[in-house]
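K.L.:
Please work out how this folds:
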Amino acid sequence: MALEWLIELLKGIGKLFLHPVFYYLVFLSGILGVMRVKRERKNFHIRAFDAYFELRQLFPPGIITGLVLSFIVLMTGLAIPLVAILLIAAFTFIWSLTTNVRLMSPVYTVGAAFFAIIIFTENNWSIPLISNVIETNGEIIYPSVVLLLGFLIIAEGVLILKNGSKGTSPKLIKSRRGQSVGTHEVKRLWMLPVFLLIPGEALQIPFEWWPLFHLGSESYSLMLVPFAVGIQQQIQGRLPKAAIRLYGQRVVVLGIVITLLSAAGYWYPLTSIVVAALAIIGREMISLMQRMKDDSLPFYFSKRNNGLLIIGVIPESPADKMGLQVGELIAKSNGVVVRDEQVFYEALQKNRAHCKLEVLDTNGEVRFVQRALYEGDHHELGILFVQDERKFDKKIG
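P.N.:
Residues are numbered from 1 along each chain as shown. Below is the predicted model:
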């Protein structure tokens, strides 16, 4: 029995590399990185992170979260028909065409696949593979897909909560008054690989109580399925970390609620339709509430009268090694009160071997940072300010 599971486990991992979504997410992550770098260079004439940043973020967080979720799925014996996996992959491709990576998340891909199955059932459409599975299992499919949806929403919330704020991208826009102001944008994909039980002929039921959630089959195969998790959000009224943390918390709560409600579908299958609809509506409400709240706040990254506000810090730069953070305000540079970038950099030139800054942190408390400067260090310390756009416009003019 153990050998059969090990063989099926290895075969399931191999199926990941046959799944087109795996390669498609790698391609899209690369595209997102290139587009971000182009925009940052247009705004600041330098990029905050290299073009491979999104690609490096694609796998590690998702793999860890996917392993935990796989353990839960296998322990409960949650079985999902192959038709659902195929439809989820199809909607992942379809929603990607909107260029809004948030729509590639499970609530939209799994949700769309769920309602597609219902449409096929109600209209008695004769579609190879799909029709056979639905006729065999009927309404049993519904609660299984919705329960998986609840698990995936929780996993999505955890990814946003723990990793969403890493590497948010500074961006310059025009306010309604035509002034240059700053925002932060997060536009990222994660790959969430999850082992799923697919009704088949490979594995026999090992325990009397297993599986808890099944499709009436007595044998299953394993498949490591890559799910896309995307986040796309522009933050203007708050610090990026705080805004994204709150966003992730709300998604986790939604996932827990959907997971608890989805269990009722095993006794009353039609309630699964209501729960799936609530999941999509709830996810949209979270995004809408976040956007409306942010729009109601004044721009956080705007010109200040008491110093220069940091909108971005380039990794491995002197500013990064000095511990400067996004949202902090530089009040003095080498003892000189600064109001604009010209004064700031002129003050730096007073002592090219050493830099001492007086900084107001995000809590409004004063702290002093200093560091020796070496040949080859970034000549502007690696700090991005809102005023950069104006500075470069002058150079061009």
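K.L.:
my read: Cys83 touches Ile117, true?
P.N.:
If you look again at residue 83, you'll see it is Val, not Cys. Yes - using Cβ atoms under 8 Å, Val83 makes contact with Ile117 at a distance of 7.1 Å. From N, CA and C alone the C-beta is placed, and that goes for glycine too.
K.L.:
So what would you say the end-to-end distance of stretch 335-353 is?
P.N.:
Between the opening and closing residues of stretch 335-353 we find a distance of 15 Å, counting by Cα to Cα, to the nearest Å.
K.L.:
Name the residues of it that are buried.
P.N.:
Val338, Glu341, Phe344, Ala347, Leu348 (16 or more other Cβ atoms under 10 Å).
K.L.:
where in the stretch 101-250 of the chain is pLDDT low?
P.N.:
Where the stretch 101-250 of the chain drops to pLDDT under 70, the residues are 124-140, 200-218.
K.L.:
Now with 80, please.
P.N.:
Counting by pLDDT under 80, the stretch 101-250 of the chain contains low-confidence ranges at 120-141, 178, 199-220.
K.L.:
In it, mark out all the helices, start to finish.
P.N.:
Along the stretch 101-250 of the chain, the segments classed as helices by DSSP state H, counting those that start in this stretch run 106-123, 130-137, 141-163, 240-262.
K.L.:
Same list, the ones you listed, but as a markdown table with distance to Pro298 and mean neighbour count please.
P.N.:
A markdown table is the format used below for the helices of the stretch 101-250 of the chain (distance: least, Cβ to Cβ, whole Å; neighbours: other Cβ atoms under 10 Å):
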| stretch | distance to Pro298 | mean neighbour count |
| --- | --- | --- |
| helix 106-123 | 31 | 20 |
| helix 130-137 | 52 | 16 |
| helix 141-163 | 25 | 24 |
| helix 240-262 | 14 | 20 |
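K.L.:
so which of these comes closest to Thr65?
P.N.:
Taking Cβ to Cβ as the measure, those were each checked against Thr65, and helix 141-163 came out nearest at 5.0 Å.
K.L.:
what comes into contact with stretch 270-280?
P.N.:
Contacts made with stretch 270-280 from outside it, assessed by Cβ atoms under 8 Å, 6 or more residues apart in numbering, are listed as 107-108, 111, 114-115, 118, 139, 142-143, 145-146, 149-150, 153, 254, 258, 261-262, 264-265.
K.L.:
Report the residue ranges of every domain in this structure.
P.N.:
Each structural domain of the chain that the record assigns through automatic domain parsing is listed here as a residue range: 2-296, 308-396.
K.L.:
Please work out which of those domains is packed deepest.
P.N.:
Relative to the other members of the domains of the chain, domain 2-296 carries the highest mean neighbour count by mean count of other Cβ atoms under 10 Å, namely a mean of 18.
K.L.:
could I get the buried residues of stretch 335-353 as a markdown table with distance to Arg245?
P.N.:
Converted to a markdown table, those look like this (distance: Cβ to Cβ, whole Å):
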| residue | distance to Arg245 |
| --- | --- |
| Val338 | 31 |
| Glu341 | 30 |
| Phe344 | 31 |
| Ala347 | 35 |
| Leu348 | 34 |
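K.L.:
So which of those are in strands?
P.N.:
Judged by DSSP state E, the subset of those located in strands is empty.
K.L.:
ok, those vs Arg36, which is closest?
P.N.:
Glu341 (23.2 Å).
K.L.:
nearest residue to the residue of the chain most remote from its centre other than its sequence neighbours?
P.N.:
Relative to the C-alpha centroid of the chain, counting by Cα atoms, centre = their mean, Lys350 is the outermost residue, at 43.3 Å. Excluding its sequence neighbours, the residue lying closest to Lys350 (Cβ to Cβ, 6 or more residues apart in numbering) is Asn334, at 5.1 Å.
K.L.:
can you check Gln236 too?
P.N.:
Thr183 (4.3 Å).
K.L.:
Is it correct that that neighbour is in contact with Lys171?
P.N.:
Yes - applying Cβ under 8 Å, one finds Thr183 in contact with Lys171, separated by 5.0 Å.
K.L.:
Need the overlap of contacts for these two.
P.N.:
Listed contacts common to Thr183 and Lys171 are Gln234; contacts here mean Cβ under 8 Å, 6+ apart.
K.L.:
Would you mind confirming that Ile95 is in contact with Val110?
P.N.:
Let me fix one detail, which is that residue 95 is Trp and not Ile. No - between Trp95 and Val110 there is no contact, the gap being 11.3 Å when judged by Cβ under 8 Å.
K.L.:
what's the helix or strand hosting Phe22 packed up against?
P.N.:
Using DSSP states H and E, the secondary-structure element containing Phe22 is helix 20-44. Packed against helix 20-44, as judged by 3 or more Cβ pairs under 8 Å, 6 or more residues apart in numbering; DSSP states H and E, are the following elements: helix 53-58, helix 82-96, strand 169-174, strand 180-204, strand 219-235, helix 388-396.
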